[in-house]
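K.L.:
Need a 3D model of the sequence below.
(one chain, ligands or ions: 1)
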Amino acid sequence: MGNSESNRGLEWHAGDMPYSTRFGDHFYARSDGRAECAHVFIAGNGLPDRWRGRDAFTIAELGFGTGLNFLETWRQWREHRHPSARLRFVSFEALPMRAAEMRRALGPWPQLESLANALIQAWPDNAPNLFAQDFDDGVRLEVHIGEALDRVCNWREQADAWYLDGFAPSRNPDMWSPALMQAVFDHTVPGGGFATYSAAGWVRRNLAAAGFEVLKQPGFAGKRDMSVGVRRD
Ligand SMILES: C[S@@+](CC[C@H](N)C(=O)[O-])C[C@H]1O[C@@H](n2cnc3c(N)ncnc32)[C@H](O)[C@@H]1O
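P.N.:
Numbers count the residues shown, from 1 in each chain. Okay, the predicted model is just below:
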């Protein structure tokens, strides 16, 4: 998956809403991507409760996109964290956005402005294989650039919580394949888990076959269901 302009196929809807023509999908809920992140990925993973009292916590994500999930997580982390605690946010992305595109997409959320400025200032327009940066509040971001399956399989660590945020499974099946869901499971600490906006049956089956206990929860903004799961062993 190359990273040329045409390959990325980015279009803008309603001014600042990024849309992928390559995958035929928006990057997040059109109503409010930040509120969707809070509901699906943060609350879906039992956060902030699960990071309370922890010295270090690792979140991993499939699909960095605009960085919105990272920034909303950082915003909530700085409200709740113990002063010496550290958050690692590790994301996997094949088609990194340009800094100017991120700025345009993140414009609607004044709550994130100062954090978004810090991210955008550090973000390289020609992303290397691995972008790693320490930010304030004990936050470290690592973005592995490349095909998710390859990059997750080669990642040497495990996450406490996963955000599964590929485009819609019907349009972006590589981000939900049995092999990738197995790699996600293998890179989850025992007792850790995942959350995703998707409730597609085959995605849930792939996650269950990988070893997760998979549950349905109410989805965001009128969506009936989303999925969460735990690694029990
Ligand atoms: C729904 S968007 C993620 C939105 C993002 N979490 C945010 O906060 O803006 C899905 C992302 O997955 C990336 N992607 C799609 N297929 C991929 C693949 N096979 N490997 C890695 N990344 C992929 C896309 O480039 C896109 O940025």
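
K.L.:
Quick check: phi and psi at the spatially most central residue of the chain.
P.N.:
To find the centre residue of the chain, average its C-alpha atoms and take the closest one (C-alpha atoms, centre = their mean): that gives E61, at 3.6 Å. Its backbone dihedrals place E61 at phi -140, psi 140, with angles given as degrees, to the nearest 10.

K.L.:
Relative to F167, how far out is G63?
P.N.:
With distances taken as C-beta to C-beta, to the nearest Å, G63 is found 8 Å from F167. (Each C-beta comes from the backbone N, C-alpha and C, glycine too.)

K.L.:
which neighbours do those two share?
P.N.:
With contacts defined as C-beta atoms under 8 Å, 6 or more residues apart in numbering, the residues adjacent to both G63 and F167 are M175.

K.L.:
Same question for stretch 97-106: list its buried residues.
P.N.:
Of the residues in stretch 97-106, those buried by neighbour count under the rule 16 or more other C-beta atoms under 10 Å are M97, R98, A99, E101, M102, R103, R104, A105, L106.

K.L.:
Tell me if I'm right that the last one and A116 touch.
P.N.:
Translated: L106. Yes - applying C-beta atoms under 8 Å, one finds L106 in contact with A116, separated by 4.4 Å.

K.L.:
anything in contact with each of those two?
P.N.:
When C-beta under 8 Å, 6+ apart defines a contact, the residues bordering L106 and A116 alike are G67, L71.

K.L.:
what does this protein put close to the ligand?
P.N.:
Neighbours of the ligand within the chain, by C-beta under 6 Å from any ligand atom: 27-28, 63-69, 92-95, 147-148, 165-167, 172, 174-175.

K.L.:
In the protein, what residue spans correspond to helices?
P.N.:
Taking DSSP state H, the helices of the chain run over residues 5-8, 33-37, 68-80, 99-106, 113-122, 148-153, 178-186, 201-210.

K.L.:
With mean pLDDT added, can I get the ones you listed in JSON lines?
P.N.:
Converted to JSON lines, those look like this (pLDDT from 0 to 100):
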{"stretch": "helix 5-8", "mean pLDDT": "60"}
{"stretch": "helix 33-37", "mean pLDDT": "97"}
{"stretch": "helix 68-80", "mean pLDDT": "96"}
{"stretch": "helix 99-106", "mean pLDDT": "96"}
{"stretch": "helix 113-122", "mean pLDDT": "98"}
{"stretch": "helix 148-153", "mean pLDDT": "98"}
{"stretch": "helix 178-186", "mean pLDDT": "98"}
{"stretch": "helix 201-210", "mean pLDDT": "98"}
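
K.L.:
which residues sit in contact with V214?
P.N.:
Contact criterion C-beta under 8 Å, 6+ apart gives R204, L207, A208, S227, V228, G229 as the residues in contact with V214.

K.L.:
try it again with 7 Å
P.N.:
Applying C-beta atoms under 7 Å, 6 or more residues apart in numbering, one finds that V214 lies in contact with R204, L207, A208, S227, G229.

K.L.:
Give me the buried entries from those residues.
P.N.:
By neighbour count, with 16+ other C-beta under 10 Å, these hold R204, L207, S227, G229 as buried.

K.L.:
OK, contacts around the third one?
P.N.:
The neighbourhood of S227, defined by C-beta under 7 Å, 6+ apart, consists of T196, S198, A199, R204, V214, K216.

K.L.:
who's in contact with the nearest residue to T188 once chain neighbours are set aside?
P.N.:
The shortest distance from T188 to any residue that is not its chain neighbour, by C-beta to C-beta, 6 or more residues apart in numbering, is 4.6 Å, and that residue is R231. Listed by C-beta under 7 Å, 6+ apart, the contact set of R231 reads F185, T188, P190, G191, G192, G193, G211, F212.
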